[in-house]
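**Q** sharing a model that was predicted from the sequence below.
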Amino acid sequence: MDRTHQLIIVGGGPAGLSAALYASRSKLDVLLIEKAGLGGQILNAEMVENYPGFPKGVSGSELGTLMAEQATKYGLQTAFAEVQGIEIRGDEKILSTSEGQYRAKVVIIAGGSEHSKLGVPGEEKFTGKGVSYCAMCDGAFFRDQVIAVVGGGNVALNDSLFLTKFASKVKVIHRRDQLRATRILQDRAFANPKIEFLWDTVVESITGDKLVRELKLKNVKTGKASSLDVSGVFVAVGLRPNTGYLKGLLTLDEVGFISVNAQMETGVPGVFAAGDIRAGSIRQVVSAAGDGATAAIAAERYLASA
Ligand SMILES: Cc1cc2nc3c(=O)[nH]c(=O)nc-3n(C[C@H](O)[C@H](O)[C@H](O)COP(=O)(O)OP(=O)(O)OC[C@H]3O[C@@H](n4cnc5c(N)ncnc54)[C@H](O)[C@@H]3O)c2cc1C
């Protein structure tokens, strides 16, 4: 086991890197543990046009890499491992990872969340080239085009309504004949002339050339195959926060996101959560970075008062 760090940050996405930047510039002894690559899920974004400071936009991989470069400039220590459990022992937090145990006085959990995938041919190939999991991020790229949204819950309908600002037509593909979304969203969607529903339908594959051009569909009741010409498809079939190992330790909402207060404090003293992993996040880079800064400042105050 390593020595006891003042602060351990779990996750090296925008939230974790922003927390790391603030904490290491405050000269705290900080270790950041990341299971994949520094930068987080924004590394997968083709182009980010809504993060302040980049009027021409910036590729996600450049933004994530720049964030990592800035965060590691002030003495941040990093370890590449997957955190698998956290135990509270007195005023210490023991983190079990794939590479052994680490100890800290304070932990900031910034592990983000993952979008559920359709798991069909073409989905991975065309991600960032017409396949998107974030209407707010990518909607503006589809001005006057016909696009599809897959899903039938609140996120799918919210996304569809938002996307009508840009697209000429939004085709909502849902595998059932009824929606799970709230009645008010359903009423708005049914009343919107740009939105059309394809019921009892699943996507079988996504095809195109350099960009998405067509969806192959199947009606689950009749078995009939069809195709749909679209230039984009927004997948809204669920979001899984990376909190499986935190059940029983922290208060999670019904989906599994971590409940925090305005200082990013969880119910456990000395354990904070920031970014997409927390309940109520708008799940954007700018909010993740803000949460990370808030959590780091709150963590520093906690350490000073402990
Ligand atoms: C394709 C795509 C395009 C996007 N476009 C935009 C955009 O244009 N604008 C915008 O604002 N947002 C965009 N987003 C959303 C944005 O990427 C997220 O809101 C942001 O990355 C959240 O930051 P985070 O630090 O909270 O989480 P993440 O970026 O998800 O980072 C979490 C990190 O924690 C690590 N981790 C998770 N669990 C563990 C564990 N147990 N142990 C160790 N490490 C762990 C993960 O490997 C990951 O690196 C996009 C997302 C995607 C996927």
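**A** Everything's here; your move.

**Q** residue contacts, the closest residue to residue 141 other than its chain neighbours?
**A** Excluding the flanking residues, the one nearest residue 141 by C-beta to C-beta, 6 or more residues apart in numbering is residue 232, at 7.4 Å. No exception for glycine: its C-beta is placed from N, CA and C like everyone else's. Residues in contact with residue 232, defined by C-beta atoms under 8 Å, 6 or more residues apart in numbering, are 130, 131, 132, 138, 141, 142, 145, 147, 148, 167, 212.

**Q** let me know the secondary structure of the fifth one.
**A** Think residue 141. Of the three states, residue 141 takes helix according to DSSP: H, G, I helix; E, B strand; the rest coil.

**Q** start at 148, not 1
**A** All set: I'll call the first residue 148, so the last point we hit is now residue 288.

**Q** count of residues packed around it?
**A** 16 (other C-beta atoms under 10 Å).

**Q** how about the residues of the chain by the ligand?
**A** Neighbours of the ligand within the chain, by C-beta under 6 Å from any ligand atom: 157-163, 180-183, 187-189, 191-192, 195, 197-198, 229-230, 257-259, 275, 280-281, 284, 389, 422-424, 430-433, 435.

**Q** just put the contacts of residue 379 in JSON lines and tack on secondary structure and distance to residue 439.
**A** Formatted as JSON lines, the contacts of residue 379 follow (DSSP: H, G, I helix; E, B strand; the rest coil; distance: C-beta to C-beta, whole Å):
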{"residue": "277", "secondary structure": "coil", "distance to residue 439": "31"}
{"residue": "278", "secondary structure": "strand", "distance to residue 439": "28"}
{"residue": "279", "secondary structure": "strand", "distance to residue 439": "24"}
{"residue": "285", "secondary structure": "helix", "distance to residue 439": "23"}
{"residue": "288", "secondary structure": "helix", "distance to residue 439": "27"}
{"residue": "289", "secondary structure": "helix", "distance to residue 439": "30"}
{"residue": "292", "secondary structure": "coil", "distance to residue 439": "35"}
{"residue": "294", "secondary structure": "strand", "distance to residue 439": "32"}
{"residue": "295", "secondary structure": "strand", "distance to residue 439": "34"}
{"residue": "314", "secondary structure": "coil", "distance to residue 439": "33"}
{"residue": "359", "secondary structure": "strand", "distance to residue 439": "33"}
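
**Q** re earlier: go ahead and build a ChimeraX selection from the buried members of the residues of the chain next to the ligand.
**A** The ChimeraX selection below is limited to those of these classed as buried (16 or more other C-beta atoms under 10 Å):
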select :157,158,159,160,161,162,163,180,181,182,187,188,189,192,195,198,229,230,257,258,259,275,280,281,284,389,422,423,424,430,431,432,435
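
**Q** taking the residues of the chain next to the ligand one by one, which sit in helices?
**A** 161, 162, 163, 284, 432, 433, 435 (DSSP state H).

**Q** same list (those) but as JSON lines, adding pLDDT and distance to residue 416.
**A** What follows is those, written out as JSON lines (pLDDT from 0 to 100; distance: C-beta to C-beta, whole Å):
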{"residue": "161", "pLDDT": "98", "distance to residue 416": "26"}
{"residue": "162", "pLDDT": "98", "distance to residue 416": "20"}
{"residue": "163", "pLDDT": "98", "distance to residue 416": "20"}
{"residue": "284", "pLDDT": "88", "distance to residue 416": "35"}
{"residue": "432", "pLDDT": "96", "distance to residue 416": "29"}
{"residue": "433", "pLDDT": "97", "distance to residue 416": "28"}
{"residue": "435", "pLDDT": "98", "distance to residue 416": "23"}
